[in-house]
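Engineer: sequence unknown, structure follows:
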Ligand SMILES: Cc1ncc(COP(=O)(O)O)c(C=O)c1O
């Protein structure tokens, strides 16, 4: 009896990846290393596309490539501007090719210069994109540095699902954003140990984007850290473009990080959710810092497609057709700019309203962008108790975030309602202070 080693389908792309991008290879999780897009049905169906006889994929068609859907279903999307047939058939696993090209072209800013970027892969919303990145790069015990306060779902995605070790950094201090604060948790790791940083700018829940000088500081911090270890920086650009102050860059840091250091690997996650105000569409994108036809881009796409196929099968085609038709419209950028102006109006109304509130009662962390502002409560007040009081006695809903914050989503409040909203929050906080003996109405020194 002869024993032969079973073929390892991932070997070829792994060898190419290790050669082309050693830092990526060092950063990959066990699952990421094993993943490779299987040459099964979608792969074989893609090769058969356009053949006279195509009996590959299990889609129900008229035999000529058109969907055989009940007219009652077809009528629901009759007004769809895009390709109705494509909307009802399976999407390619990596997404609609035209949508991917368009998104790439739309997002590469002039400042990107020669920074490499792959053709974005379509994923089912940013959450799914982040979960794919976690699958690819986060193993049990992997350090994941996140500027705090941060979006709570990161814990589910990186710690609960993948066993990552979340290390909060504290960049918001004394009313300022300190980019060097992200170095601390990284410097404390043993030299050479791969690490992940999660960067969400504009930030949820804080609503802050760094100034040019602070952005320089971040690039310097990450390049310095990457001199000591392979470093994956995930740019969660959910709120891309929603910047309301001059002197605050709105280009993603991804472009600068892509050329900052050979051991620094940024990955960009962005999407239509907020940028196109298409929350229910679940269309988002994953971009790697490699040219589209490079070995590294091909290997990472193969791995991501493998995991995508193993989880959601393929991204929703209807939503992609809607997004593509909207992005192809001549007026879409002006329409998006209009939404940005509406949000900028709300942002300014909120700033004015907060200026009128005693800062010992409610003090906002620095905010200049995105959809949110984060208010720090006086020491001793439980934010959840304040939230409950606002609901019960002031007919007002905000989000409480431990240990001492309330988040205002001003993106969903009309500009003219914002002064009253802030007054109610102030009144509810004052009422809670009055009934909380240990409340000192003073701030903790480091914010
Ligand atoms: C920072 C951040 N990242 C990702 C997401 C998730 O976006 P999606 O709804 O596209 O999954 C959100 C949604 O609130 C978010 O605030």
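Structural biologist: Done, it's in. Quick caveat, the model's predicted, so the values are computed rather than measured. Residues are numbered from 1 along each chain as shown.
Engineer: only C-alpha atoms for contact and neighbour calcs from this point on.
Structural biologist: Fine.
Engineer: Run the chain-centre distance for stretch 341-353.
Structural biologist: 24 Å (Cα atoms, centre = their mean, to the nearest Å).
Engineer: for stretch 217-237, same thing?
Structural biologist: For stretch 217-237, the distance to the chain centre is 17 Å (Cα atoms, centre = their mean).
Engineer: if you average pLDDT over it, what comes out?
Structural biologist: What stretch 217-237 shows for mean pLDDT is 98.
Engineer: who are the neighbours of the lengthiest strand in the chain, in terms of helices and strands?
Structural biologist: Counting residues, the longest strand found in the chain (DSSP state E) is strand 264-271. Secondary-structure packing of strand 264-271 (3 or more Cα pairs under 8 Å, 6 or more residues apart in numbering; DSSP states H and E): helix 22-27, helix 126-137, helix 212-226, strand 231-236, helix 254-257, strand 284-287.
Engineer: The nearest residue to residue 134 once chain neighbours are set aside: how many residues sit nearby?
Structural biologist: In space, and not counting its chain neighbours, residue 134 is closest to residue 158: 5.9 Å by Cα to Cα, 6 or more residues apart in numbering. Look at residue 158: counted by other Cα atoms under 10 Å, it has 25 neighbours.
Engineer: Now the helix ranked longest in the chain: buried residues?
Structural biologist: If you go by DSSP state H, the chain has its longest helix at helix 332-355. Residues of helix 332-355 classed as buried: 339-340, 343-351, 353-354 (neighbour count, 16 or more other Cα atoms under 10 Å).
Engineer: so which of the residues you listed comes closest to the ligand?
Structural biologist: residue 343 (15.9 Å; Cα to the nearest ligand atom).
Engineer: do you know how far the closest one is from residue 49?
Structural biologist: 45 Å (Cα to Cα, to the nearest Å).
Engineer: Verify the stated contact: residue 31 with residue 135.
Structural biologist: Yes. Contact criterion Cα atoms under 8 Å: residue 31 and residue 135 qualify, at 6.6 Å.
Engineer: Specify which residue of those two has the higher count of neighbours.
Structural biologist: residue 135 (23 against 16).
Engineer: and that one, what does it touch?
Structural biologist: Taking Cα atoms under 8 Å, 6 or more residues apart in numbering, we find residue 135 in contact with 29, 31, 32, 162, 307.
Engineer: and those residues as JSON lines, adding distance to residue 360 and pLDDT?
Structural biologist: Putting those into JSON lines (distance: Cα to Cα, whole Å; pLDDT from 0 to 100) gives the following:
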{"residue": "29", "distance to residue 360": "46", "pLDDT": "98"}
{"residue": "31", "distance to residue 360": "49", "pLDDT": "97"}
{"residue": "32", "distance to residue 360": "49", "pLDDT": "97"}
{"residue": "162", "distance to residue 360": "40", "pLDDT": "98"}
{"residue": "307", "distance to residue 360": "49", "pLDDT": "98"}
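Engineer: Just those residues: which are in helices?
Structural biologist: Here DSSP H is the test, and those give 31, 32, 307 as lying in helices.
Engineer: out of these, who's nearest residue 221?
Structural biologist: Nearest to residue 221 among those: residue 32, at 26.7 Å, using Cα to Cα.
Engineer: My read is that the closest one contacts residue 134, right?
Structural biologist: No. Residue 32 lies out of contact with residue 134 (Cα under 8 Å); the separation is 9.1 Å.
Engineer: What does residue 188 show for phi and psi?
Structural biologist: Phi and psi for residue 188, reported as degrees, to the nearest 10, are phi -80, psi -10.
Engineer: just the one 10 residues further on next, same as before
Structural biologist: Listed backbone geometry of residue 198 is phi -110, psi 120, with angles given as degrees, to the nearest 10.
Engineer: Report the beta-bridge partners for it.
Structural biologist: Under the criterion DSSP bridges, residue 198 forms beta bridges with residue 234.
Engineer: Can you verify my assumption that it contacts residue 148?
Structural biologist: No. With contact defined as Cα under 8 Å, residue 198 does not reach residue 148; the gap is 10.3 Å.
Engineer: out of the two, which sits in the busier spot?
Structural biologist: residue 198 (21 against 17).
Engineer: For that one, which residues are in contact?
Structural biologist: With contact taken as Cα under 8 Å, 6+ apart, residue 198 is in contact with 144, 145, 146, 147, 233, 234, 235, 236.
Engineer: could you list every residue that touches residue 241?
Structural biologist: Residue 241 touches 250, 251, 275, counting by Cα under 8 Å, 6+ apart.
Engineer: rerun at 10 Å
Structural biologist: Going by Cα atoms under 10 Å, 6 or more residues apart in numbering, residue 241 touches 201-202, 249-252, 274-275, 336-337, 340, 369-370.
Engineer: Narrow these to just the buried residues.
Structural biologist: 201, 202, 249, 250, 251, 252, 274, 275, 340, 369, 370.
Engineer: Looking at the residues you listed, which two lie furthest apart in space?
Structural biologist: Taking Cα to Cα, the two most distant members of the buried ones among the contacts of residue 241 are 249 and 274; they sit 18.2 Å apart.
Engineer: center of the protein, which residue is that?
Structural biologist: Compute the mean C-alpha point of the chain, and by Cα atoms, centre = their mean the closest residue is residue 236, 3.1 Å away.
Engineer: Am I right that that one is in contact with residue 202?
Structural biologist: Yes. Counting by Cα atoms under 10 Å, residue 202 is a contact partner of residue 236 at 8.9 Å.
Engineer: tell me the phi and psi of residue 91?
Structural biologist: phi -80, psi 150.
Engineer: Quick check: the residue lying closest to it once chain neighbours are set aside vs the ligand, distance?
Structural biologist: In space, and not counting its chain neighbours, residue 91 is closest to residue 317: 4.9 Å by Cα to Cα, 6+ apart. Shown here: residue 317 relative to the ligand, a distance of 16 Å by Cα to the nearest ligand atom, to the nearest Å.
Engineer: now do residue 223
Structural biologist: Shown here: residue 223 relative to the ligand, a distance of 23 Å by Cα to the nearest ligand atom.
Engineer: burial measure for that residue, as a count.
Structural biologist: Neighbours of residue 223 (other Cα under 10 Å): 20.
Engineer: List the contacts of it.
Structural biologist: 217, 229, 231, 257, 259, 260, 261, 262, 263, 264.
Engineer: Apply 8 Å and report the result again.
Structural biologist: 257, 260, 261, 264.
Engineer: same thing with residue 296?
Structural biologist: Per Cα under 8 Å, 6+ apart, neighbours of residue 296: 16, 17, 20, 21, 290.
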